[in-house]
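Engineer: predicted structure and sequence below. I'll ask about it afterward.
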Amino acid sequence: WGGETDDEPRGSEPCVSMSALLRLFPAPVEAVPLEGLYLAQALRTLVDPVRAFVYSNFIASLDGRIALKSSHTDPGIVPDAIANPQDWRLFQELAAQADVVITSGRYARQLAKGGAQDVLPVSEELPYRDLLAWRQVHGLTPQPAVVIVSASLDVPITETLWRGGRSVFVATGSKADAARVHALEQRGVSVLYAGTGREVQGRSLIEALQQRGFRTVYSTAGPQVLATLLADRLLDRLYLTQVHRILGGEDYATLSEGARFCPPADFELCALYYEAPAGDQVGQIFSVYAATEKTA
């Protein structure tokens, strides 16, 4: 999942049983179940009256690798060494609370070729059907809408994208190729102009989604999309799974890329959970951070 050239799909093996976690923060320290952990965050109650609530989620190694590349032309995916079903469950819980999920043109191309590691969330596999039921109970559409961020508009539209009656949007810059815009609209896709050039800009994107009535926006995109959201101070909450492994590697992706933020984007810790090692799986930390500076 990610920006035009930087999405990092996770491993998506079904999770039959989930182990307990140790909540380290906030106090008191106590054991808590993994299932329902992020649903209990009740993100839909945190929506600001002024603008949409925007959140994102990553999994990383101890040395900050969210994706490893096998070549200079390979944008990389989440390594098998850190992908795990516990993280995937929480990824799905975040998606269940979204009005719209941001993904990339690269993911759409992978999906069309059968190379994507999973279809868009919320997964319809048995372990996640409780999340589909959760959406129904809360009066939401069966699936969150999807907005595909693309400068090139090389976006194949497959039937899979429409699954569950999902609304499909493509976000691009105002100088996008008119012929490709027309071709997408002929397929029933709504094209959103969210930038002054060819690239999508964070503020324009969120404003365009908010105008469509979307109040909870989940960015499953990669470092480039995260960077544009951070640059415009639009990210409200960051979820980070940190697997206790060091991967190394010369070609890799980390959380954000691009220009330096001046001033830096600051966050404060909201919650911290620890999962102890079990079997062949090393321990990991699930952390939740809230932005300390927000822009209306």
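Structural biologist: Sure, I can see it. Numbers count the residues shown, from 1 in each chain.
Engineer: and the strands in the stretch 101-250 of the chain?
Structural biologist: Taking DSSP state E, counting those that start in this stretch as the criterion, the stretch 101-250 of the chain carries its strands at 145-149, 168-172, 190-193, 216-219, 237-243.
Engineer: show me what contacts the closest residue to Ser190 other than its chain neighbours?
Structural biologist: Counting by Cβ to Cβ, 6 or more residues apart in numbering, Ser190 lies nearest to Phe169, which is 4.8 Å off, once chain neighbours are set aside. Where you see a C-beta, it was placed from the backbone N, CA and C, and this is true even at glycine. Shown in contact with Phe169 (Cβ atoms under 8 Å, 6 or more residues apart in numbering): Val100, Ala145, Val146, Val147, Ile148, Val189, Ser190, Val191, Leu192, Arg212.
Engineer: what does Leu269 give?
Structural biologist: Taking Cβ under 8 Å, 6+ apart as the test, what Leu269 contacts is Phe25, Ser287, Val288, Tyr289.
Engineer: what helix or strand does it sit in?
Structural biologist: Using DSSP states H and E, Leu269 falls within strand 267-275.
Engineer: where does pLDDT dip in the stretch 1-150 of the chain?
Structural biologist: The stretch 1-150 of the chain contains residues with pLDDT under 70 at 1-18, 70-76, 115-118.
Engineer: let me fix that, I meant to ask about the stretch 151-296 of the chain.
Structural biologist: Applying pLDDT under 70 to the stretch 151-296 of the chain flags the ranges 294-296.
Engineer: quick check: bridge partners of the closest residue in space to Leu46 that isn't next to it in sequence?
Structural biologist: Leaving out its chain neighbours, the residue that sits closest to Leu46 by Cβ to Cβ, 6+ apart is Phe53, at 5.4 Å. With DSSP bridges as the criterion, Phe53 is bridged to Thr216.
Engineer: was I right to think Phe53 contacts Tyr218?
Structural biologist: No: using Cβ atoms under 8 Å, Phe53 makes no contact with Tyr218, being 9.5 Å away.
Engineer: those two - which one has more neighbours?
Structural biologist: Tyr218 (27 against 21; other Cβ atoms under 10 Å).
Engineer: return the distance of the residue lying closest to that one once chain neighbours are set aside relative to Ala278.
Structural biologist: Closest residue in space to Tyr218, ignoring its immediate chain neighbours: Ala98 at 3.7 Å, by Cβ to Cβ, 6+ apart. Ala98 is 30 Å from Ala278, where distance means Cβ to Cβ, to the nearest Å.
Engineer: who's more crowded, those two?
Structural biologist: Set side by side, Ala98 and Ala278 show unequal neighbour counts under other Cβ under 10 Å, the larger going to Ala98 at 27 against 10.
Engineer: doesn't the more buried one fall inside a strand?
Structural biologist: No: the assignment for Ala98 (DSSP: H, G, I helix; E, B strand; the rest coil) gives coil, which keeps it out of a strand.
Engineer: what are the phi and psi values at it?
Structural biologist: phi -90, psi 140 (degrees, to the nearest 10).
Engineer: one more: Ile285?
Structural biologist: The phi/psi pair for Ile285 (degrees, to the nearest 10) is phi -120, psi 140.
Engineer: mind listing what it touches?
Structural biologist: Counting by Cβ under 8 Å, 6+ apart, Ile285 touches Thr241, Gln242, His244, Leu272, Tyr273, Tyr274, Glu275.
Engineer: check contacts around Ala108.
Structural biologist: By Cβ under 8 Å, 6+ apart, the neighbours of Ala108 are Ile148, Ser150, Val155, Pro156, Ile157, Thr158, Leu161.
Engineer: what about the closest residue to the fifth one other than its chain neighbours, distance to Leu226?
Structural biologist: Think Ile157. Excluding its sequence neighbours, the residue lying closest to Ile157 (Cβ to Cβ, 6+ apart) is Arg187, at 4.7 Å. Arg187 sits 28 Å away from Leu226, going by Cβ to Cβ.
Engineer: show me which of these two is the more surrounded one.
Structural biologist: Leu226 (26 against 13).
Engineer: now the buried members of the contacts of Ile285.
Structural biologist: The neighbour-count criterion (16 or more other Cβ atoms under 10 Å) marks Thr241, Gln242, Leu272, Tyr273, Tyr274, Glu275 among the contacts of Ile285 as buried.
Engineer: so what's the residue count around Val119?
Structural biologist: 17.
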